[in-house]
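[1] Here's a sequence, model it:
(one chain, ligands or ions: 1)
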Amino acid sequence: MITLRGLTKRFGRTTAVDDLTVDIAPGRVTGFLGPNGAGKSTTMRMVLGLDRPTAGRALIDGRAYRELRRPLREVGALLDARAIHPARAGRAHLLAMARSNGLPVRRVDEVLDTVGLDARAAAKPGRTLSLGMAQRLGIAGALLGDPPVLMFDEPVNGLDPDGVRWVRQLMRSLAGEGRTVFVSSHLMSEMQLTADRLVVIGRGRLLADAPIDEVIAGSPVAVRVRSPHPAGLAALAERLTAAGAAVDPAGPDELTVTGATTDRIGDLAYELGVRLHELSPHGASLEQAFMELTAGSVEYAGTPTGGTDR
Ligand SMILES: Nc1ncnc2c1ncn2[C@@H]1O[C@H](COP(=O)(O)OP(=O)(O)OP(=O)(O)O)[C@@H](O)[C@H]1O
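    Numbers count the residues shown, from 1 in each chain. So this is what the prediction gives:
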């Protein structure tokens, strides 16, 4: 269990983490989401005692990181896969970690095997590892002490589709063994497949802490409407807006409508004599739910290019 209580971190005038109170429970994968700069890495760093909270506490099974006698046996983490010695071989890196935590050498070979790094790959110096290999090595380091609590910051960065699927299965099986698995990712589709529960933050503040289905269900179903007649479509858009629906012109021959059922839209189109080529409901995705949740807390918002005002 990871317990955050009023956790706050300020860097000068920036509040990176703002009064976060959350329990991250064992036996499931908890996804940690937020726009760039939301405070995810800072939160994880505070759990690991790498950043000191300005206020509040971050506890691992009830204790602060600095109180853990053999930390690798209590919590394993992958924060930055590139944070390995450039000249040291992967296996030597893990051996040093094992020695300093009183872990047997055989654990090093076990975890290398688990993450699929063979003897040749494990003998390469850190600077020659691809990002994908460095991620696997970082995951091996997290697993080394067989800890009940695991944290991964963007673990699928740099992995190919097979690697992504492997990480997903690993996270699920670690949670299946009753461990606490806390994982950040900006790949929503991946999170939708991996996580049971989500903690969403924006500008350091808690925006959601709920089962993934609930987060997605909070977002309305959208209906795609296509017609070969732009003028008719514009008239339909006007009627729908007047009826209180939200209408987004997705293209010259297409609308995305929320707040009206397919029946209602079909009836209105019929009344207006607008021929439709498509009228289809689209279940909300995590991506859509995320965009809505975090709309007010994006630090660096891009502007659409080449488009007209919508
Ligand atoms: N050492 C530091 N000194 C000053 N500001 C910092 C420091 N570390 C983080 N910040 C700031 O704190 C905020 C949160 O950053 P953090 O890296 O925790 O966010 P994040 O959610 O992990 O972002 P990303 O998804 O981009 O990795 C940002 O505004 C960042 O600029």
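[2] Find the nearest non-adjacent residue to L50, please.
    Leaving aside its sequence neighbours, L50 sits nearest to L79 (Cβ to Cβ, 6 or more residues apart in numbering; 7.8 Å). Every residue, glycine included, has its C-beta placed from N, CA and C.
[3] the strands in the protein, which residues?
    Here the chain has its strands, by DSSP state E, at 2-11, 14-24, 28-33, 55-60, 75-78, 149-153, 180-184, 197-202, 205-211, 222-226, 246-251, 254-258, 278-282.
[4] Excluding sequence neighbours, find me the nearest residue to A195.
    Leaving aside its sequence neighbours, A195 is closest to G31 (3.3 Å, by Cβ to Cβ, 6+ apart).
[5] what does V298 give?
    V298 sits nearest to P35 (Cβ to Cβ, 6+ apart), 4.7 Å away.
[6] From the ligand, how far out is that neighbour?
    Separation of P35 from the ligand (Cβ to the nearest ligand atom, to the nearest Å): 7 Å.
[7] Likewise for D213?
    Taken as Cβ to the nearest ligand atom, the span from D213 to the ligand is 24 Å.
[8] separation between that residue and G283?
    Distance, D213 to G283, by Cβ to Cβ, to the nearest Å: 11 Å.
[9] got a list of what the closest residue to V75 other than its chain neighbours touches?
    Nearest-residue entry for V75: V149, 4.4 Å, with adjacent residues in sequence omitted and distances by Cβ to Cβ, 6+ apart. Contact analysis of V149 by Cβ atoms under 8 Å, 6 or more residues apart in numbering lists 1-2, 26, 60-61, 74-76, 179-180, 182.
[10] Do you have the helices of the stretch 151-300 of the chain handy? List them.
    161-176, 188-194, 212-217, 230-242, 262-272, 286-294 (DSSP state H, counting those that start in this stretch).
[11] could you dump those helices to a markdown table with mean neighbour count and mean pLDDT?
    Shown next, in a markdown table, are these (neighbours: other Cβ atoms under 10 Å; pLDDT from 0 to 100):
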| stretch | mean neighbour count | mean pLDDT |
| --- | --- | --- |
| helix 161-176 | 17 | 94 |
| helix 188-194 | 19 | 88 |
| helix 212-217 | 18 | 86 |
| helix 230-242 | 16 | 95 |
| helix 262-272 | 15 | 95 |
| helix 286-294 | 19 | 83 |
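[12] Let me have the ones you listed in CSV, extended by distance to S130.
    Output for the helices of the stretch 151-300 of the chain, formatted as CSV (distance: least, Cβ to Cβ, whole Å):
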stretch, distance to S130
helix 161-176, 10
helix 188-194, 20
helix 212-217, 31
helix 230-242, 48
helix 262-272, 47
helix 286-294, 28
